[in-house]
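> build me a structure from this.
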Amino acid sequence: MIAKRTAFLLFLLIFLNLLYSYKKKEKSFENIRKEYEHYEENDDKAFQYINQYIDKAKTEKNYSKLVQGYKDGVFYSPSNESKLAYADSTIGAAKLSGDNELISMAYLGKGIVYYFNYKRYQLALNEYLQAYQYSKTIKDEYLRHKIIYHLGVVKSYLGYYEDALIHFKECADYFSSEIKEKNLHPNMIFNNKKGYFNSLHQMTECYLNLNDYKRSDSLIEIGLKYTAGIKDFSQEESYFLKCKGIAYYYKKEYKSAIQFLNQSLPRMLKNNNFAWASVNYFYIGKSYYGLEDENRAIANFKKVDSIFQKHHFIHPEIRKNYEVLISYYKKQKDVGQELYYTKQLLKADSIITQDFSYLSSKIHKEYDTKLLYDEKNKLERQTLWSTVIIYGLIALMTVLMILLIIKYSREKNIQRKYTLLEEKIRKNYTDHKNPIVEGDFQLPKERKSKIDDDKVQNILEKLEQFEEKKQFNQKGLTLTKLALKLGTNANYLSQVINEYKGINFNRYLGELRINYITQQIYNNKTYLNYTIESYAEECGIASRQNFSDLFYEINGVRPKDFIKNRKRELDN
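Below you'll find the predicted structure:
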């Protein structure tokens, strides 16, 4: 009897164990996620459940769930390295799914890791552009606007504030309208609120940099009204507090500036948002300077340097942090500290220049390179650096000066040619040989060709229509094809162009195309961001090199130099 009971209990235990194992195995994705959804971001305790979620998705080959698992891995990973690794895995899983929406979302996620956790804008932009390409065919407007938002962030960082505002306004309008949707899931309402507040914050940053304080103040008040004291939006609240502090600094209300900037810091530091934290410290330091409290000012400027040392990132807006420190220690006659911060400024300039080649001229204007290296040389002599290093620096400076002279000479030459071309553009190419004016064709008394006057007149009229309709941008256009289009023969057309335009057909077509694209680049700011390939494609020229050579032959400057000078002209 006892043996039977023992056998029964043993059987029951085995059965219950198998049943428990089966239930555990069959736990749904939703139930597994509920086990870790309550953990805060960067809490690795969530991974005991995330790993279950990922294993289940792999076993079932459920790639959409696998994407979600890796996304959660990014969110809860405590280290930047593991976040990036999970972001890569997300892309791999998304590609296995073949779903463009998931692929777009995965690329965006990796870009956000590069942006938020590393502040590597070039790498982030690469991922954003991939996300944008895959987003063209998707229906998820929320995801599409997240991509638009992050592209705007890159433009804002580059200093294209007006262009960035277009992105942020579109996003703010979209997220705001979605918040009002009655049938939206609570999670999506939350996400749209986040998107709306972050769009307002970026708009505020743009207006502050454009010195439009009336609009920035208005947006700050809206942002604080809806985020103040709400735990879920504490990060967004810290952004608006930061902006309010900066606004007070520009109004020279330094005590209020310090108050609001200090209020915004704790959340930034908690989230390791080192980029905005360094901006905070810089403006706190500037505010203390305004109050003539030099010791506290310097202490905060040093905090900016500590962040730079750790993360190798500095916003161009606050590079003056080092100029202030250099000036301070020069006044204190502390050669060692002056030398240290001079080197730090050179490092900062190097990093900024790598990311922003177009900003190098501005950097040299703000802090003259020659003077900087001269001071560095002087300081190193004072600190008894070796003669070899001193001579090395002199040689480096000599090479740099030669390069700068060559660069200056080249830029002056380009500027001269650009000015001539600009005058030509403004005259709308009125110096073009024998321009055709509608209804007023002057046929020369002495003509080389023997073509009937009526035929000549007819060809000229059709050429005028051809030019007005911009049909010259058609790719693969030849003399024979154009003659056929105009209802004449190639021989007649060639003679008319040679006699009345003063150039052969190829030159005629090339000038029309280059003159057209030159005016577009000059008059339309959007064209300044196109690639050379895009210009060639638009005006019907077969290749990038052919376009560049023809542009130079006709205009006297390379396309990249023309674009660079036009951007500089608009910035000024």
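
> wait, what's in contact with the residue nearest the centre of the chain?
Nearest to the mean C-alpha position of the chain, by Cα atoms, centre = their mean, lies residue 154 at 2.5 Å. Residue 154 is in contact with 121, 124, 125, 128, counting by Cβ atoms under 8 Å, 6 or more residues apart in numbering. Any C-beta I mention is one placed from the backbone N, CA and C, and that applies to glycine too.

> so which of those residues sit within helices?
The helices, defined by DSSP state H, take in 121, 124, 125, 128 from these.

> closest one of those residues to residue 524?
Comparing the ones in helices among the contacts of residue 154 against residue 524 with Cβ to Cβ places residue 125 closest, at 22.4 Å.

> report how many residues lie close to that closest one.
Each residue near residue 125 was counted by other Cβ atoms under 10 Å, and the total is 20.

> contacts only, for it.
111, 151, 154.

> give me the pLDDT for the closest residue to the second one other than its chain neighbours.
Spelled out, that is residue 151. Spatial nearest neighbour of residue 151, excluding adjacent residues (Cβ to Cβ, 6 or more residues apart in numbering): residue 128 at 5.5 Å. Residue 128 carries a pLDDT value of 85.

> check the one 3 residues further on too.
Model confidence at residue 131, given as pLDDT, is 89.

> any idea which element it lies in?
Per DSSP states H and E, residue 131 falls inside helix 121-135.

> could you do residue 172 as well?
helix 161-179.

> contacts for that helix, please.
Contacts for helix 161-179 (Cβ under 8 Å, 6+ apart): 141-142, 145, 148-149, 151-153, 155-156, 184, 188-189, 192-193, 195-196, 199-200, 202-203, 206-207, 209-210, 525.

> now do the buried residues in that helix.
161, 163, 164, 165, 167, 168, 171, 172, 174, 175, 178, 179 (16 or more other Cβ atoms under 10 Å).

> now swap in stretch 515-531 and tell me
515, 516, 517, 518, 520, 521, 522, 527, 528, 530.

> before we move on, what about stretch 287-307?
Here stretch 287-307 shows 287, 288, 289, 290, 297, 298, 300, 301, 303, 304, 305, 307 as buried, counting by 16+ other Cβ under 10 Å.

> report the contact partners of the last one.
So the one you mean is residue 307. Residue 307 neighbours (Cβ under 8 Å, 6+ apart): 274, 277, 278, 281, 313, 314.

> which one among those residues gets closest to residue 224?
residue 277 (19.3 Å).

> thought the closest one was touching residue 270?
No - taking contacts as Cβ atoms under 8 Å, residue 277 lies outside contact range of residue 270: 10.2 Å.

> neighbour count winner among these two?
Neighbours per residue (other Cβ under 10 Å) separate residue 277 from residue 270, with residue 277 holding more: 22 against 13.

> for the residue lying closest to residue 265 once chain neighbours are set aside, report the pLDDT, please.
Excluding the flanking residues, the one nearest residue 265 by Cβ to Cβ, 6+ apart is residue 280, at 5.5 Å. pLDDT recorded at residue 280 is 96.

> and what of residue 443?
50.

> again with residue 358
Reported pLDDT for residue 358: 31.

> same deal with residue 106?
pLDDT recorded at residue 106 is 95.

> how close does it sit to residue 159?
29 Å (Cβ to Cβ, to the nearest Å).

> between these two, which one's more packed in?
residue 106 (29 against 17).

> and the helix or strand containing the more buried one, how far out from the chain middle?
Remark: residue 106 resides in helix 100-112, with elements defined by DSSP H and E. Going by Cα atoms, centre = their mean, to the nearest Å, the spacing between the C-alpha centre of helix 100-112 and its chain's C-alpha centre is 17 Å.

> next, the angle from it to helix 121-135.
If you take axes from the mean of the first three to the mean of the last three Cα atoms, to 10 degrees, helix 100-112 sits at 170 degrees to helix 121-135.

> any residues touching helix 100-112, and which ones?
63-64, 67, 71, 74, 84, 87-88, 90-91, 93-95, 97, 123-128, 130-135, 137-140, 143, 146-147, 150.

> and the residues you listed, which are buried?
Going by neighbour count (16+ other Cβ under 10 Å), the contacts of helix 100-112 have 63, 67, 71, 74, 84, 87, 90-91, 93-94, 97, 123-125, 127-128, 130-132, 134-135, 138, 143, 146-147, 150 buried.

> report the helix or strand with the lowest average pLDDT across this structure.
When the helices and strands of the chain are compared on mean pLDDT, DSSP states H and E, helix 360-366 comes out lowest with a mean of 31.

> could you dump the contacts of residue 154 to a markdown table with distance to residue 509?
Converted to a markdown table, the contacts of residue 154 look like this (distance: Cβ to Cβ, whole Å):
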| residue | distance to residue 509 |
| --- | --- |
| 121 | 41 |
| 124 | 42 |
| 125 | 36 |
| 128 | 38 |
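
> follow-up on the earlier one: so which of the contacts of residue 307 is surrounded by the most neighbours?
residue 314 (26 neighbours).

> in the stretch 201-350 of the chain, which spans are helices?
Taking DSSP state H, counting those that start in this stretch as the criterion, the stretch 201-350 of the chain carries its helices at 213-227, 234-250, 254-270, 274-290, 294-311, 320-331, 335-355.
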